[in-house]
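K.L.:
Fold the following and give me the result.
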Amino acid sequence: MPHPTLAAPGHRAWRWLLLSLVTVAALLGLTMLVLGIRLVLLGGTAYYAIAGVLLLAGGVLAWGRREGAAVWAMAAAVVLTLGWSLWEIHGKGWLPAWGFDLAARMGVVAVLAVGAGVALLFWRTPPGHAWRKACMAGIGVAVLAASLVVALLWERTQDPAGHVPTAGSVPPATQDGVTTSEWSAFGGTNLGLRHSALAQIHLGNVGDLQEAWTFRSGDHAPAGERVFYSSQNTPLKVGGYLYTCTPSSQVFALDPATGEALWHFDPQVPAKTMESLFSAACRAVAYFDTGEAGAQAEQFPRTPGAAGLVNALPRGGSQCSRRIYVATPDGRLIALDAAGGFPCPGFGTDGVVDLNAGMGLREAGFSSNTSGATVAGGLLLVGQQVSDNQRRDAPSGVVRAFDARTGELRWAWDALRPDATAPLAPGEIYPRGTPNVWNVISADESLGLAFLGTGNPGADHWGGNRTAEEDRFTAAVVAVDLQTGATRWSFTTVLHDLWDYDIGAQPMLVDVPIDGAMRRAVLQGTKSGDLFLLDAATGEPLRPVTLQPVPQTAPLPGERLSPHQPRSTFYPNLGGLPGPESERIDGRHIWGMTPIDAALCRIGFHERQYEGIFTPPTIDKKGMVLLPGTIGGMNWGGLGFDPVRRIVIANYSRLPNIVDMTPREDVIDRPVGSGGARPDQALAPQTGTPFAVNRPMWLSALNVPCLAPPWGFIAAVDIDTGELVWSKPLGTGFDAGPLNIPTRLRIPMGTPNIGGPLTTAGGLTFIAAAQDNFLRAFETATGRLVWQARLPAGGQAGPMTYEHDGVQYIAISATGHARLETGLGDYLKVFALDPRSADLTGLPPGAATRAHGTDPEDEGP
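P.N.:
Next up is the predicted model:
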């Protein structure tokens, strides 16, 4: 007879718990065995098959009343998993977020095995037995020890002290290209430094930074899932106004101290015209002073009005002497009076220039401007986005310059237009399908040049019918004459680009010492992770660029491949793990939250073509793995540069895509302009080429990347020495997780990120960008996190700073990014120092009385 205590109901419950756990383990083991055999046949690891056998054996043994042997089999699976995990994690170099990698590999197997062991012990031993007490004590000690070890190792890998460059004095307020109290362009100025000479907020008092005011625009995405909102806006501050725009190109002028809406202009953009956009965005408005008014910008007249109403101001006097320009998704460039918000009648037709003229659009919204105009030399420089991969004969990639006063067209640059000043003949349109400029345009009026970062022709992933001129101006930095649009020089960053490595980051104009003399240079960050430093006047590389051989495997029919690609060797590559070369992954880097989705991701990796960064698109296997993916490396958020500390700040994503090509005869999706609509397409048609394409982010069945974290970084590079000063994962899983369930964990694992940095003379770098809803401040010299604040929605935008009435403010648009699956909203959040701060100087009494403080959940430094 069994021992009486073992027949008690409580003990039967422990036995049934044991059987339940081993049954789950057996099912898991069977699945792992099947997937593991498939993986071995593909040339992958044998771990899943072996671990699957052990777990399956545990279930069989337990149901055969050999419970002790069953638990030993499961324990063997745990030991195997631990050894295999550490071996692979060590083999790929202990990535900064290795703790997440280890936890995911061990989690399910360890929980099942430990649970089964505890259930067996409690089933076989009576209450109060020494073994029970020893078991509980052992579990507690093990958990505590593991927590301490992981915390210690995590601290050492996540927050290195970093190299501290020699710091100079605070930059003078008049330094070339450095903003002072104003922020007059997307990047601060047309040089795109994203730096401010303001230093009221600094390392000593940033902990006292708190919310000053919040503005809500009321602009929300139309009902349904056909328009993807993401304002991506960096506000401008000029004179007594703060200007911001929303995804549907509504413009607001706000009081910089209170957030009160002073005027509001709504261009009434039809939702239909936003369907072709990857993201409905308005990255910036543009500002221009005609010089025709005697009053200073600070003396702009104001007529208080309610938000949502355009103020009625007198139309005489100095109306429209200062202007705000906004571009709309339906192809309008609108000039507004900066003080009153009404259209300027002397610009275009009743204040509007038609950007669709000469485009031959088959459908409204197929091309439009989302990055805003750049004002330089009295001109408005306007590029455009063109909906990706719809058709080879997509709208032209033309860049146009309009007179900022009258709206008259001055020149039109295009890869296939040798004379940018030549007018179109009656009925003529700009060349179709040419490389476009969808990002922010830079300019240096002292050189008389504008700098364009170009994209791709009408089809990203097949280029067999591209012309030599299109290839020359694809993924290129192009310097054009400000007054004529003539090409002065060009530098192609990717030869015959088949990976959508178009230039997203704004070209940055910097001064660097070369051979003892200061040279004006263009610093260009790319999606492929390169930092190219080029002479601004000639395009000559100022730091070494080499042509490196790249894979030539099985090009698509009719395609050609470049045998080499230019790579910048002076600076670290910022497309994957930061280092001297582009990161190349293998099976050890593939990841999942459970053994099943991890095994499926590994199978997917081995079923696809991958030979490194420039693996060509293919119809062999199941397509190819693209890393860096289509959102970066470095994207439209651009770079930040501290000109005194000589540090470049870059945030970037390490997120792969899969690229699957489908032969034309198997494609049923119609392109935009031929009855198709982007939200309805399973494949991007690439009409006019032999192949359609599908290129989703490579995610597991649990909607997490198939690549082990980090998935996003922020890094600092010394511009003069090329040294990687520091780097660290950017972002946590606080607002994201498997199956889109937030984990609420604040451990920096590194998330995909979109949006740029801001550096200040106070020694700080401000950035949001990540998939969690936080605005952070890092010490620029070391990367140390010194402050963060909770945002009400995703901060996929570039922060900016300004001074008003003696107070320095930090502003960030928190509107989210539908494609990046961050929380959506309509917020502009503005922060200032607590007026009670002991380290606050120059702040008038009551200047921040509307502050509400930071969220109680905010982490400290």
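
K.L.:
Now the most centrally placed residue in the chain. Nearest residue, chain neighbours left out?
P.N.:
Geometric centre of the chain, nearest residue: I754, 2.0 Å, by C-alpha atoms, centre = their mean. In this structure, I754 finds its nearest non-sequential neighbour in Q796, 4.7 Å apart by C-beta to C-beta, 6 or more residues apart in numbering. Every C-beta, even on glycine, is put in place using the N, C-alpha and C of the backbone.

K.L.:
if I've got this straight, that neighbour is in a helix?
P.N.:
No - in this structure, Q796 is coil, not part of a helix, as judged by DSSP: H, G, I helix; E, B strand; the rest coil.

K.L.:
so who does it touch?
P.N.:
230, 232, 753-755, 768-769, 815-817, 820, 822 (C-beta atoms under 8 Å, 6 or more residues apart in numbering).

K.L.:
Of those residues, which pair is most distant in space?
P.N.:
Spanning the widest gap among these are N753 and T815, at 15.3 Å by C-beta to C-beta.

K.L.:
what helix or strand is the residue nearest to the centre of the chain on?
P.N.:
Using DSSP states H and E, I754 is not contained in any helix or strand.

K.L.:
Spit out the contact partners of it.
P.N.:
Going by C-beta under 8 Å, 6+ apart, I754 touches 232, 631-632, 635-637, 653, 769, 796, 817, 820.

K.L.:
Check the gap between K621 and H606 for me.
P.N.:
Going from K621 to H606 by C-beta to C-beta, to the nearest Å gives 9 Å.

K.L.:
out of the two, which sits in the more crowded spot?
P.N.:
Neighbour count, other C-beta atoms under 10 Å: between K621 and H606, H606 has more, with 21 against 13.

K.L.:
mind checking the SS state of the more buried one?
P.N.:
Assigned with three-state DSSP, H606 falls in the helix class.

K.L.:
give me the number of residues near the closest residue to it other than its chain neighbours?
P.N.:
Closest residue in space to H606, ignoring its immediate chain neighbours: L42 at 3.8 Å, by C-beta to C-beta, 6+ apart. Look at L42: counted by other C-beta under 10 Å, it has 14 neighbours.

K.L.:
pretty sure L42 contacts E607?
P.N.:
Yes - if you go by C-beta atoms under 8 Å, L42 and E607 touch, sitting 6.6 Å apart.

K.L.:
picking up where we left off before, can you give me the distance of the residue nearest to I754 to T234?
P.N.:
From Q796 over to T234 the distance is 11 Å, taken as C-beta to C-beta.

K.L.:
which among the contacts of I754 gets closest to L409?
P.N.:
Using C-beta to C-beta, W636 is the member of the contacts of I754 that sits closest to L409, with 25.9 Å.

K.L.:
Just say helix, strand or coil for the closest residue to the closest one other than its chain neighbours.
P.N.:
The shortest distance from W636 to any non-neighbouring residue, by C-beta to C-beta, 6+ apart, is to G504 (4.4 Å). The three-state label given to G504 by three-state DSSP is coil.

K.L.:
Over to A119?
P.N.:
Taken by three-state DSSP, the conformation at A119 corresponds to helix.

K.L.:
Just give me the neighbour total for it.
P.N.:
A119: 22 neighbours (other C-beta under 10 Å).

K.L.:
Could you double-check that S249 sits in contact with P267?
P.N.:
Yes - taking contacts as C-beta under 8 Å, S249 lies within contact range of P267: 5.3 Å.

K.L.:
What distance do you get for the residue nearest to I754 to I810?
P.N.:
As for Q796, its distance to I810 is 17 Å (criterion: C-beta to C-beta).

K.L.:
before we move on, what about N439?
P.N.:
For N439, the distance to I810 - C-beta to C-beta - is 24 Å.

K.L.:
And G58, by the same measure?
P.N.:
Counting by C-beta to C-beta, the gap from G58 to I810 is 56 Å.

K.L.:
So for these two, which sits in the more crowded spot?
P.N.:
G58 (30 against 27).

K.L.:
domain assignment for the protein?
P.N.:
Taking automatic domain parsing as the reference, the chain has its domains at 4-158, 195-219+226-292+320-555+563-583+627-833.

K.L.:
can you tell me which helix in this structure is longest?
P.N.:
helix 9-41 (DSSP state H).

K.L.:
elements contacting that one?
P.N.:
Judged by 3 or more C-beta pairs under 8 Å, 6 or more residues apart in numbering; DSSP states H and E, the packing partners of helix 9-41 are helix 47-63, helix 67-91, helix 98-124, helix 595-607.

K.L.:
Out of these, which gets nearest to T487?
P.N.:
Across the helices and strands packed on helix 9-41, T487 has its closest neighbour in helix 595-607 (42.0 Å, C-beta to C-beta).

K.L.:
outside of the closest one, which residues touch it?
P.N.:
With contact meaning C-beta under 8 Å, 6+ apart, helix 595-607 is reached by 28, 31-32, 35-36, 38-39, 42-45, 48, 51, 104-105, 108-109, 587, 590-592, 621-622, 625, 658, 698, 700-702, 704, 706.

K.L.:
who does the helix or strand where T759 lies touch, helix- and strand-wise?
P.N.:
When elements are assigned from DSSP H and E, T759 belongs to strand 758-760. Here strand 758-760 touches strand 195-196, strand 640-642, strand 764-767, strand 800-804, going by 3+ C-beta pairs under 8 Å, 6+ apart.
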